[in-house]
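# Need the 3D shape of this:
(2 chains)
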Amino acid sequence: MNTETVKIKQGKTKTTQRISGSEAIIKCLLAEGVDVLYGYPGGAIMPVYDELYKYQDKIHHVLTRHEQGAIHAAQGYARVSGKAGVAIATSGPGATNLITGIADAQIDSTPVVCITGQVSSHLLGSDAFQETDIVSISTPVTKWNYQITKSSEIPEILAKAFYIAKSGRPGPVLIDITKDAQFGEFDFEYKKCEKIRSYNPVPKMDMAQVKAAAELINKAKKPFIVLGQGVILANAEEELKSLVEKADIPAASTLLGLSALPTEHELNMGMVGMHGHYAPNVLTNDCDVLIAIGMRFDDRVTGNLETYAKQAKVIHFDIDPSEIDKNVKTDVAVLGTVKETLSALIPLINPNKNEEWHKKFKDLHQIEHEEVIHPEINPTKEKLTMGEVINAINKETNGEAIIVSDVGQNQMFASRYADFKQSKSVVTSGGLGTMGFSLPASIGAKMGAPEREVVAIIGDGGFQMTIQELGTILQTKVPVKMVVLNNEFLGMVRQWQELFFDKRYASTVMTNPNFIKIVEGYGIQAKRVTKRENLSNAVSEMIASNEPYFLEVIVEKEGNVFPMIPSGATVSDVRLK
Amino acid sequence: MKKEIYTISVYTENNLGLLNRIATLFIKRHINIESLTVSSTEIDNVSRFIIVAFITEDQVKKIIGQIEKQVDVIKAYYHTNEESIYIQSALFKVKSSLLFDERQIQNIIKKSNSQIVTVSREFFVIEKSGRKEEIDKLYNELAPFGIMQFVRSGRISVTKEEMKISEILKKQLN
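Predicted structure coming up:
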């Protein structure tokens, strides 16, 4: 008995060691299983970079070419791996350059931990060189943030940061660390955070609500599921599939929910929303029970709320109580992780067949196929269309690639015309619509899922917003495949100008540089395709390459994405042209 | 939907930056905070925010959801004026000479149930606690004589129903 106590005591003394704050930061990252982080050095974060140098065999730091690239890469990594992404930057401009990506991660529920350097604590508030109040600046766009001014706070706060970023509804956390806290020495000991007394990440499931949901679903004649990223974040893809199949419920996905259910699944009716598929949008206003799973009724999904699914009983499964009744009034709200709540629901569901209801989807899909999809992928015009490019990539990758799209027309074509066989195959900036997201996010995605093919689909506008990350690709040799769909326009804005502003193309015309020369300047293989007959070979060559590869496709200048629900219109008023 | 005065009570950890975080939730929704009081509570390291806003019930429900979502927030409630007992305090600084020259001032002080908290050769200070309207009334009555300084606190309030908040919070925190 005595010796045991001694052993425990000895064990304890072994776990603490006197180290600097900056070394402690690296040890915390290692303890959290971080193997890669994305960042950019600078004065106020130099002690941490010094430790990164010493620990370079244990932790891979990727030097991006801009801090925005670092945070988007961390997001890409997080979205495909399910782990928290980590971005690191210096104080002042380094920290403020992270903000767009932090806001993006907040609205798209992506777990990222950002570490920023800060001026020494005695200089706080003195307008010191590169001082900025990043805690205040990041407050509205972080799930949590904190400023560390003493090295001894580092283990506890970083443990909290990872716990908060990943638990419940995930999100970005920013930890600002003064330079003196990085230098200061203390007795290091790390304990993972498992609970915070004021924080309840997963609300308790209420079985009565599950039963009420089951009752509505069992009575439904025309049930319809809209699934969101919550399914992917909860790893509930199998549960979703079981529910869909058992009750024979047609399901459609939000933009971020794509790939949770394989595209080829016979009950997958495509995507809802502004540029989603015709049938699920129209039939949203025909279903009798709308089952929303892990989604938040974004305005790009619902169109006009006054006329959204008013005929239907609404069931909302979500982890975040503040989403219930936020945009759409629900009849039954089931709180908890979607994995837990769907698992509880499925045994209460009666097997069902809804053939007539399915036929409605099929008939409407046929209309969309004839009027939109077929002409898009089999164009008769000379110029290539974006849809046929995505279709060619899709054929070549067999629907197995991770598609990292940017924002705008390229994103909508990628989402509509790519097939997804497995979950976590879609990385895109959904809520914030951050142009320039794709290139850096694809770097993180490839590192987070190195065994998978990663294809970035980017417009000529977005490409130039973070084009400098080609340097990161050059340096890391990360084999991402980049496709720029070049129409020499800011295409989505131009489309709106065409449809709603009498074709006044205000500042949407792009005079572009020679992208091939630029990419080749970075030592990356590059090819331009202008003709249909060369497309398929070029795509094959790109996918076959084991190295980074850039493909520029010159597409029709004034191609439009349809169907489209005009802003503020009702979902069932979706236009086919 | 009809707008009315809501009193929002927020129980939080006593952490730096939380005031800013809660304020941003109002700013994001373009809601003006009418009054704000932050103080410690009967539980160690737990702070209470009392925020008054003129909004609709739908808005207040949503903002409560957003507030409760914050990691450092323990619990948030909202109440209408009818559901709460609430007061605010105000201090009025008035020239001392008026106290002797203007008999009316003494009547005003008496009638308003306010107190004189300090008197000096130059000025005296009146303290008044009560509802906003009562303080407004006193202000309007004193204003013609000249008020040297005036300050009003944020609202403090408790619920009319029993609501054993300490017990609720302790349960929440365990």
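
# From here on, just use CA atoms for contacts and neighbour counts.
OK.

# who's sitting farthest from the centroid in chain B?
No residue in chain B sits farther from the centre than residue B:101, which is 33.8 Å out by CA atoms, centre = their mean.

# Please determine how far it is located from chain A.
50 Å (CA to the nearest CA, to the nearest Å).

# For residue B:95, see how far away that residue is.
Counting by CA to CA, to the nearest Å, the separation of residue B:101 from residue B:95 is 10 Å.

# burial measure for residue 105, as a count.
I'll assume chain A. Using other CA atoms under 10 Å in any protein chain shown, residue A:105 has 31 neighbouring residues.

# nope, chain B
For residue B:105, using other CA under 10 Å, the count is 17.

# Need the per-residue pLDDT for residue B:98.
Residue B:98 is assigned a predicted lDDT (pLDDT) of 85.

# cool, the one 4 residues further on as well?
Taken from the predicted model, the pLDDT recorded for residue B:102 is 78.

# May I have the phi/psi pair for it?
Phi and psi for residue B:102, reported as degrees, to the nearest 10, are phi -110, psi 100.

# do residue B:157 as well
According to degrees, to the nearest 10, residue B:157 has phi -150, psi 160.

# burial count for it?
19.

# Quick check: residue B:147 touching residue B:96?
No - counting by CA atoms under 8 Å, residue B:147 does not reach residue B:96; the two are 11.0 Å apart.

# Which stretches in chain B count as strands?
B:3-13, B:33-40, B:46-56, B:73-80, B:84-95, B:115-119, B:123-130, B:149-152, B:156-159 (DSSP state E).

# Out of the ones you listed, which gets nearest to chain A?
Distances from chain A to each of these were compared using CA to the nearest CA; the minimum, 4.6 Å, belongs to strand B:73-80.

# Could you tell me the angle between the closest one and strand B:84-95?
Compare the direction of strand B:73-80 with that of strand B:84-95 by axes from the mean of the first three to the mean of the last three CA atoms, to 10 degrees and you get 80 degrees.

# which outside residues touch strand B:73-80?
Around strand B:73-80, the neighbours that count as contacts under CA atoms under 8 Å, 6 or more residues apart in numbering or on different chains are A:197-199, B:4-13, B:60-61, B:64, B:67-68, B:159, B:169, B:172-173.

# residue ranges with poor pLDDT in the chain?
Answering for chain A, as no chain was given. A:1-15 (pLDDT under 70).

# Correction: the question concerned chain B.
For chain B, the ranges with pLDDT under 70 are B:174.

# Nearest the geometric middle of it, what residue?
So for chain B, CA atoms, centre = their mean, it's residue B:155, sitting 1.1 Å from the centre.

# Tell me the spacing between that one and residue A:190.
43 Å.

# residues making contact with the one helix or strand residue A:282 maps to?
For residue A:282, the element it lies in under DSSP states H and E is helix A:278-284. The contact list for helix A:278-284, computed with CA under 8 Å, 6+ apart, reads A:224, A:252, A:269-273, A:290, A:308-309, A:360-362, A:364-365, A:368, A:563, A:571-574, A:576.

# ok, of these, which come out buried?
For the contacts of helix A:278-284, a neighbour count by 16 or more other CA atoms under 10 Å in any protein chain shown gives the buried set as A:224, A:252, A:269-273, A:290, A:308-309, A:360-361, A:364-365, A:368, A:563, A:571-574, A:576.

# just how off-centre is the longest helix seen in chain B within its chain?
In chain B, taking DSSP state H as the definition, the longest helix is helix B:57-69. Between the centre of helix B:57-69 and the centre of its chain there are 20 Å (CA atoms, centre = their mean, to the nearest Å).

# cool, and stretch A:325-340?
Relative to its parent chain, stretch A:325-340 has a centroid offset of 21 Å by CA atoms, centre = their mean.

# How about it, which residues are buried there?
Result for stretch A:325-340 [16+ other CA under 10 Å]: buried residues A:325-326, A:328, A:330-339.

# In a markdown table: those residues, plus distance to chain B.
Below are those laid out as a markdown table (distance: CA to the nearest CA, whole Å):
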| residue | distance to chain B |
| --- | --- |
| A:325 | 8 |
| A:326 | 7 |
| A:328 | 12 |
| A:330 | 14 |
| A:331 | 16 |
| A:332 | 17 |
| A:333 | 14 |
| A:334 | 16 |
| A:335 | 14 |
| A:336 | 14 |
| A:337 | 16 |
| A:338 | 18 |
| A:339 | 21 |
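
# can I get the residues you listed in TSV with secondary structure?
As requested, the buried residues of stretch A:325-340 are exported to TSV (DSSP: H, G, I helix; E, B strand; the rest coil):
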residue	secondary structure
A:325	coil
A:326	coil
A:328	coil
A:330	coil
A:331	coil
A:332	strand
A:333	strand
A:334	strand
A:335	strand
A:336	coil
A:337	coil
A:338	helix
A:339	helix
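
# Bridging across strands, which residues link to the closest residue to residue A:427 other than its chain neighbours?
Closest residue to residue A:427 apart from its sequence neighbours, by CA to CA, 6 or more residues apart in numbering or on different chains: residue A:404 at 4.6 Å. When assigned by DSSP bridges, residue A:404 has beta-bridge partners residue A:427, residue A:456.

# List the residues that contact residue A:404.
Here residue A:404 is in contact with A:426, A:427, A:428, A:438, A:439, A:441, A:442, A:454, A:455, A:456, A:457 (CA under 8 Å, 6+ apart).

# Around chain A, which positions in chain B sit nearby?
B:12-13, B:17, B:20-21, B:24-25, B:62, B:65-66, B:69-74, B:172-174 (CA under 8 Å from any CA of the partner chain).

# what about 10 Å?
Selection of chain B residues close to chain A by CA under 10 Å from any CA of the partner chain yields B:11-13, B:15-18, B:20-25, B:27-28, B:58-59, B:61-75, B:169, B:172-174.

# Report the buried members of these.
B:11-13, B:18, B:21-25, B:59, B:61-75, B:169.

# Among the contacts of helix A:278-284, which are located in strands?
Those of the contacts of helix A:278-284 lying in strands (DSSP E): A:224, A:252, A:269, A:270, A:271, A:290.

# Excluding chain neighbours, what is closest to whatever residue of the stretch 201-350 of chain A ends up closest to chain B?
With CA to the nearest CA, the shortest gap between the stretch 201-350 of chain A and chain B falls at residue A:322, namely 4.5 Å. Nearest residue to residue A:322, sequence neighbours excluded (CA to CA, 6+ apart): residue B:65, at 4.5 Å.

# need the contact list for that neighbour.
A:320, A:321, A:322, A:323, A:324, A:326, B:59, B:75, B:76, B:77 (CA atoms under 10 Å, 6 or more residues apart in numbering or on different chains).

# helix or strand for the closest residue to the fourth one other than its chain neighbours, which one?
Residue nearest to residue A:323 in three dimensions, not counting chain neighbours: residue A:296, with 6.1 Å by CA to CA, 6+ apart. Assigning secondary structure by DSSP H and E places residue A:296 outside every helix and strand.

# Any idea how many residues pack against residue A:296?
Other residues close to residue A:296 by other CA under 10 Å number 25.

# any idea how far it lies from residue A:326?
Noted for residue A:296: a distance of 8 Å to residue A:326, by CA to CA.

# residue contacts, the residue nearest to the centre of chain B?
Contacts of residue B:155 (CA under 10 Å, 6+ apart): B:7, B:34-38, B:50-52, B:86-89, B:130-132.

# Give me the angle between the longest helix of chain B and strand B:3-13.
Using the same axes, to 10 degrees: helix B:57-69 against strand B:3-13 is 10 degrees.
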